[in-house]
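Visitor: based on what follows, work out the 3D shape:
(one chain, ligands or ions: 1)
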Amino acid sequence: MERTVKNIFKSKPTLEGAGVRLHRVFGYHQVPLFDPFLMLDHFGSRNPEDYIKGFPWHPHRGIETVTYMLTGQVEHGDSLGNTGVINSGDLQWMTAGSGIIHQEMPKCYDGLLEGLQLWVNLPAEKKMTQPRYRGIIGNQIPMVQHEDATLKVIAGKIADTQGPVTDLMVDIEYFDITLSKGKEFIRTTNKDSTAFLYIISGSGSIQETTIASHHGVLLSDGNSVTITADDMLRFLFITGQPLKEPVAWGGPIVMNTEAELQQAFKELDEGTFVKTSGSVPVSTSYYRP
Ligand code: MN
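Guide: So this is what the prediction gives:
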């Protein structure tokens, strides 16, 4: 059965972090529609005022955050002791697990700074797993060239090309696809996996439905999907198997029950939140839900 368009979400202006103007494609109010995915934010501006305040030290637990820089740079540091810069084309796959405290600070950029952050939920049995940080630099992401299509394989496999992000807590496919006008992307999918697109630029169609720039496109269940480019089309194609577990979401922490959320915030107050640390930042203030 061919997948069709189930819902389209236009990304909405949202203020996040210490005052970053970004666009939210989906989030808290869409649970559990995108299960196992929780949120997708698209940040991008030519004006540093819109992003320079960044996301200072804050905690996460129970999720993974996946940050993909299209252009520009984000400096990061975390309680595992990782520090570095995510550059244009690089990707950071961060598993918060039992708890991480990190910061993500965009650097002033001459031109359009643009990136995407996806939140992936962790299954109940993995919520308190060891935190893990993976930085993938752009040239480690294999690119499949197919006539007038460019397929960047970040997680999952296209033909014999395996993406660099493997050994995931939840099986996920994450592709960055560019098609020339008139070209098609045809993909076989698990029938009941959640599959969606985020249109970075251009326009296209799925069956009779038009898909346009800066929209999230959630697909119906089915074994395959065909995406046609109406002009030069760039989109993320993301799939994952739904967890079908209760979601208790408090700001940067997503657990299964309210009691687990309360426990997390109690540990933050008491300074016992981080279970595995390199260097824990001191005298910081964190976002609260
Ligand atoms: Mn964060």
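
Visitor: from here on, contacts and neighbour counts on C-alpha atoms
Guide: OK.

Visitor: which residue, other than its chain neighbours, is closest to the residue nearest the centre of the chain?
Guide: Geometric centre of the chain, nearest residue: Leu118, 1.5 Å, by CA atoms, centre = their mean. Leaving out its chain neighbours, the residue that sits closest to Leu118 by CA to CA, 6 or more residues apart in numbering is Leu40, at 4.5 Å.

Visitor: got it, and Val74?
Guide: Take Val74 and drop its neighbours on the chain: the residue closest to it by CA to CA, 6+ apart is Pro106, 4.0 Å away.

Visitor: residues in contact with the one you found?
Guide: Residues near Pro106 by CA atoms under 8 Å, 6 or more residues apart in numbering: Tyr51, Ile52, Lys53, Gly54, Gly72, Gln73, Val74, Glu75.

Visitor: and those residues, which are buried?
Guide: By neighbour count, with 16 or more other CA atoms under 10 Å, these hold Tyr51, Ile52, Lys53, Gly54, Gly72, Gln73, Val74 as buried.

Visitor: farthest pair in the residues you listed?
Guide: Spatial extent of the buried ones among the contacts of Pro106 (CA to CA) is set by the pair Lys53 and Gly72 at 15.0 Å.

Visitor: and Ser279, what's its pLDDT?
Guide: On the pLDDT scale, Ser279 is placed at 52.

Visitor: just to revisit the earlier point, okay but the residue nearest to Leu118 is in contact with Leu22, surely?
Guide: No. Assessed by CA atoms under 8 Å, Leu40 is found out of contact with Leu22, at 10.5 Å.

Visitor: ok but His60 is inside a helix, no?
Guide: No. According to DSSP: H, G, I helix; E, B strand; the rest coil, His60 belongs to no helix; its state is strand.

Visitor: so what's it up against?
Guide: Counting by CA under 8 Å, 6+ apart, His60 makes contact with Ala96, Gly97, Gly99, Ile100, Ile101, Pro252, Ile253.

Visitor: quick check, nearest of the contacts of Pro106 to Gly44?
Guide: Comparing those against Gly44 with CA to CA places Tyr51 closest, at 8.0 Å.
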